[in-house]
Each structure stands twice: as C-alpha cells, then as structure tokens.
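Participant: Sequence first, predicted coordinates after that:
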Amino acid sequence: MDTYNPSYAYQHGESNSQSTFDALFAVAATPEQPAVPSQPKDDLSVVSHNIRRDAEGALNMGTEIIIIHVGDGDEQKEFVVHKNLLIKHSEYFQTMFRTDNWEEAKRGEVELETDDPEAFELFHQFVYTGCVFSQKQGDTARAVDEVNRTEEAGAAAGSADQSDRDSEMGRLCRAWELGQKLMSTSFKDAITDTMRSKVRAGEIPMHANAWIYPRSPENAAMRRLLVDIAVWYWNSPAFLEQKQYSERYHEYFYDIAVASDKLHLLRMQNASQHPISPIENGHSCFYHEHETDSTVCYRKMF
Ligand SMILES: [Zn+2]
C-alpha cells in the first residue's frame, strides 16, 4: 500500500517571490523589452480601487498608547499599541478599557502572561496593516518535520506545546486561538483567509484540527474551514492517518461525516460536472464570522 506523504502538499506552496524578482530583473536588463514590467490588469485595478477612500473611514488611532507584555520569563515580549486600535479589533480590550474597574486600564499596561508572543506579533501587525505576516524563511523546507511535530503537539491534547513554532500552520493555529481569546472577529476572519489562501496554494493542513477543535466553539468558522479541507482535499490514506485522533476529536469526525454526505449528494445531483470546493469557489466572506456577530468585515476596515 502506498504511504501517504503529508509533505506532498507543501511542496506546491513555495513562495514565488524570488522568481518574481528574477522576472523583474530580466525585464530591466533586456533593452528590447519595455522598462516597466507587465502586470496583470486585475492587480492594477485592485490598487486603484483601494487607494481612494471615504474620509469617514479614516483610521482614528487617537493619542493613547498601551504597553502589552506577552508571554512569560525569557519568552516575554513587549508591544506598544494604540488603545483605539485594540478597542476597534477586540471585544476583550473593549471591555477592559471601557470600564474603569480594570487596573490595567488605569495603568496603561497589560500583562498577557499565558499568551504566545509570536501570535500576538501577528495580531499587532494586523491591527495596523490588515495583513497577516505569517510566512517565514525556511517554512517550506522544514514542512515535513513541522507536520510531525504538529502531530505530537496535537497528541499532547491541549497542552501548549511550542515544538511546532516554526511551522506557518502551527503559527496560524495559535494566532486563531489568540483571536478567540481576544474576541477579535476581524483577526480570526483574517486568519481563516490566510489558511484558505495556503490551501489554494496547495498547502493542505493535516493536523490543524488537533489544535483548533479543543479550543473552539461548535459554530466557529475555522471548524467549518477545517472540515471542508478534509472533505475536499484529503484522500483515504490521509483519513487513515487521522485514526490516532479519532477517540479524542470525535466531534471533528462527526462534522466530516455530515459534510461528506452533503458533498456526496452534490456530486449525485451534478454528475456531469466536477464540483468545486467552497475554499476555491466560495465568496470572499464564506469563512468569516462577522456575519453572525454583526460586526464589519475586516476587509472594509483597512
Ligand atoms: Zn467578510
């Protein structure tokens, strides 16, 4: 029997930044080519669409600054953030700063000892830019080991095992967990989009469920994304590999069974067509939570 190799998917997700750079350089060095590299028209239209905004939507950072200490001991990192942005993106901080009862609100300093500094760094960058800077040098090269280590982290059943710290997928899982704690719909929605983008690039997570399911409510959009990943992208050996988790994460496998049945019906009804996954084909807010809690989509915040 063939052995399923979870690293296969990762091999298709290599960043093309180097090749893009090479392409730009090649254009500039060849006299008969135009000096300006050609770009897809869509890219240009997106830029022109986003650059001009209504002044009403301008970022109001205010003047108050909060210092946030994240992590414990040598791992601790300090972040300086505008209070208005914390309030804008987190119900946790809204509650903290909009009542006078919290000692942190009076001091202007917050301790988040049990949280992951790397996850908070992603949140910090996100509230200022609307982007998730989760890709790091060497992620792809270490993918095989990272998958195995993430698996061990999952097997630790909820312990905050940091051994998969170099993996982008592990990084995104911990960032989502932080978003859940901070009650930040915008950040969580941005994380599901980032994971969705990875899947579309061929980087299929195999163990994110082991981290997310014990830390998420039943109606979490991230759960829905992970179920769709399994149903649409995993093959039989991939499911067999999950056997080790079947006792612990029965909710996940129940959700997969239900989703598989729906997909089976869809295939029966559209026998002549090959159905396309909602990860590829769904609308841009398909895995967002803002529609259920009536907040604004993060895409409209930046
Ligand atoms: Zn949305």
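Facilitator: Alright, I've got the coordinates.
Participant: Figure out the helix or strand that the nearest residue to residue 277 once chain neighbours are set aside lives in.
Facilitator: In space, and not counting its chain neighbours, residue 277 is closest to residue 232: 3.9 Å by C-beta to C-beta, 6 or more residues apart in numbering. In this view, the C-beta of every residue, glycine as well, is placed from N, C-alpha and C. According to DSSP states H and E, residue 232 maps onto helix 221-233.
Participant: in the next helix or strand after that helix, what counts as buried?
Facilitator: Sequence-wise, the next helix or strand downstream of helix 221-233 (DSSP H and E) is helix 236-241. Neighbour counts over helix 236-241 (16 or more other C-beta atoms under 10 Å) mark 238, 241 as buried.
Participant: quick one on the thing from earlier: the residue nearest to residue 277 touches residue 282, doesn't it?
Facilitator: No. Contact criterion C-beta atoms under 8 Å: residue 232 and residue 282 do not qualify, at 11.0 Å.
Participant: distance of the closest residue to residue 84 other than its chain neighbours from the ion?
Facilitator: Once flanking residues are discounted, residue 84 sits nearest to residue 62: 4.0 Å by C-beta to C-beta, 6+ apart. Remark: distance between residue 62 and the ion (C-beta to the ion, to the nearest Å) = 25 Å.
Participant: So residue 62: helix, strand or coil?
Facilitator: Three-state call for residue 62 (DSSP: H, G, I helix; E, B strand; the rest coil): coil.
Participant: So which elements touch the host helix or strand of residue 104?
Facilitator: In the assignment (DSSP H and E), residue 104 maps to helix 103-107. If you count contacts as 3 or more C-beta pairs under 8 Å, 6 or more residues apart in numbering; DSSP states H and E, helix 103-107 packs onto helix 91-98.
Participant: Run through who's touching the helix holding residue 104.
Facilitator: Outside of helix 103-107, the residues within contact range by C-beta atoms under 8 Å, 6 or more residues apart in numbering are 96-97, 99-100, 110-111.
Participant: At which residues are the helices of the stretch 201-302 of the chain located?
Facilitator: Secondary structure of the stretch 201-302 of the chain (DSSP state H, counting those that start in this stretch): helices at 208-212, 221-233, 236-241, 250-269, 278-281, 290-293.
Participant: To residue 188, which of the ones you listed lies closest?
Facilitator: helix 221-233 (6.9 Å; C-beta to C-beta).
Participant: Any idea how many residues pack against residue 95?
Facilitator: The local packing of residue 95 (other C-beta atoms under 10 Å) involves 14 other residues.
Participant: And it, how far from residue 175?
Facilitator: With the distance defined as C-beta to C-beta, to the nearest Å, residue 95 ends up 21 Å from residue 175.
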